[in-house]
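*Asks:* generate a structure from the sequence data that follows.
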Amino acid sequence: MLFFPQFQEFTLKVLVHLPPLIALITLIKSTKQQHHNAGTEQASSVASEHAMVEHPLLIRDEPEDLTPEQLEDARERFRALRTNYLQEDALVANVSRENQLIIYQHLVRDAFALAGVNSNDYPGCFAACVDKCLETRVLDTRAWSSWGGYREFAELANAAAKYTQETHKIHLPYAPFLVAAMAVRMLRKFEPRPEDQLTPLVINFQMFEHLQGVIKSWTPTTPVIMHTTLDYKNAKGQAKFDDPQRLAQTAGVVILIEEDDAITNKAGLTVECQEFVQPFVKPRPRDTVMVAVHIKRRLTRDEVAFEVDPTMDQLIAEYEKVQADELLDELTEHMVAVMPASRKLLLGAWAEVEGKKAVVDWVKKAKEDKTEVEWTESKLVPEEWSDMVQPHEHLETLLDITKDMDDAVRQRIASLVFGIRHYFITMRKRHMDKAEKEAMREMGGLSQGLLDKIKREIDQVFQEAIGEPSLTWIQGLYAQT
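*Replies:* Residues are numbered from 1 along each chain as shown. Alright, predicted model coming up:
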């Protein structure tokens, strides 16, 4: 198993916060309370001019029995759960142009950082991106499709996708537009809309995945669409380079661009995770290999008490058959093992009454007064989670405990879980790919060093045996033939 310190650090941070989150959601479930925030976000009626694109990450799971009005009502309730965002927040109201410029600079600086680039190293590109944000009125935007640059960006993105498929070389919108689009995505708490076809297209062709290279290679003479030296991996058919419109938009220039560092460029991943923040969607199924993992478990008396004591106290005050039956069904042998003797006796008596033979046996077996137990268990998990079992289980638990909640609450939590899960899987793969590439480079260097050493030793043998280096001897042999 590979060990990645940076990714491990992120994983641990998430693990620290997930258990309290689970406890919070459990509290929500028990109290059945809903908290709704005022304000809604309405999509612009800007017409989509690109072809329908199948979303690469998710599928829609809208209930067939709901009318369009009911679906929109569900979206409204989902939207109301998204805190700290009001539709009518006029960011530029009473803000001078000079102060707007400062805000745009901060936005662009953050977009550069998200792409893994220091804005101070590329001042020309930075200034051009700020100008594009100002020109397309990023701060006036209240929804992705109502952004002032949406239509033109859609045209550039569609043309770039078309040229990529034609030539088998990656084509990309130039840096100012890509950065401005990223600034819009960063600025708002988006609820993606089913009618938005631009985002699936951009994700399909991984345009933000190349934002780092696009920024680094930009010059004042860069055309609006960049014909790059990068190969398109999903190429089909014969490459064509004679499209006059393509030649006009790319200025006939081929731009050298290096592959982005996928660990430091998180722009594309940010947009991908945003796509899950909508109701009635779920991740697109993938071919998953299941692998067996061995997991060390630990359980303490305090953890069990937190789970079962409230219910047991209620049953002590007033025994209720259905409630007792549910409690006994939730117990495990390890839970019984760490409970105080008095609680074990009660459980044993209730189990006898309710006919729960397994619990009776566990109580009889648990004679020691243990306050914690440890054990190892084996289970099958998706291969991509094989070294991240704990976060996988926490996320599955979050989904499980929301099943009986209000539909809007359940959909909102599911959207967060799907986004976090996508982040984990993607970053794990990126770290593994990077480690593999670095290992291959290191092996290449070692192999060359080993070959050089072997050659020197062969030369020495030839020198001692026939009085001349091996290469000279071999060249002479070929000359004779």
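*Asks:* okay, domains of this structure per the record?
*Replies:* Recorded structural domains for the chain (assignment: automatic domain parsing) are 34-283, 286-386.
*Asks:* looking at those domains, which has the lowest confidence?
*Replies:* If you rank those by mean pLDDT, domain 34-283 sits at the bottom with a mean of 85.
*Asks:* can you give me the helices in the stretch 301-450 of the chain?
*Replies:* Using DSSP state H, counting those that start in this stretch, the helices of the stretch 301-450 of the chain run over 301-317, 321-330, 333-337, 341-354, 357-365, 389-401, 407-466.
*Asks:* now do the buried residues in stretch 385-399.
*Replies:* With burial defined by 16 or more other C-beta atoms under 10 Å, the residues of stretch 385-399 counted as buried are 385-388, 391-392, 394-395, 397-398. (Glycine included, C-beta is placed from N, CA and C.)
*Asks:* one more: stretch 144-164?
*Replies:* 144-150, 153-164.
*Asks:* now stretch 131-143
*Replies:* 132-134, 136-139, 141-143.
*Asks:* name the member of these with the shortest distance to P176.
*Replies:* Closest approach between those and P176, by C-beta to C-beta: K132, at 3.7 Å.
*Asks:* contact partners of the helix or strand hosting the closest one?
*Replies:* If you go by DSSP states H and E, K132 is part of helix 123-135. Where contact means C-beta atoms under 8 Å, 6 or more residues apart in numbering, the residues beyond helix 123-135 that reach it are 100-101, 104-105, 107-109, 111-112, 119, 139, 148-149, 175-177, 179-180, 183, 215, 218-220.
*Asks:* so of these, which ones are in helices?
*Replies:* Among the contacts of helix 123-135, the members found in helices (DSSP state H) are 100-101, 104-105, 107-109, 111-112, 175-177, 179-180, 183, 215.
*Asks:* which of these count as buried?
*Replies:* Looks like those have 100, 104-105, 107-109, 111-112, 175-177, 179-180, 183, 215 buried, using 16+ other C-beta under 10 Å.
*Asks:* quick revisit: so can I have a markdown table of the buried residues of stretch 385-399 showing distance to G355?
*Replies:* Below are the buried residues of stretch 385-399 laid out as a markdown table (distance: C-beta to C-beta, whole Å):
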| residue | distance to G355 |
| --- | --- |
| W385 | 38 |
| S386 | 40 |
| D387 | 42 |
| M388 | 40 |
| P391 | 38 |
| H392 | 35 |
| H394 | 34 |
| L395 | 35 |
| T397 | 29 |
| L398 | 33 |
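*Asks:* just those now: which is nearest K434?
*Replies:* D387 (15.3 Å).
*Asks:* now do the closest one against K379, distance only.
*Replies:* 14 Å (C-beta to C-beta, to the nearest Å).
*Asks:* repeat that for F424.
*Replies:* 18 Å.
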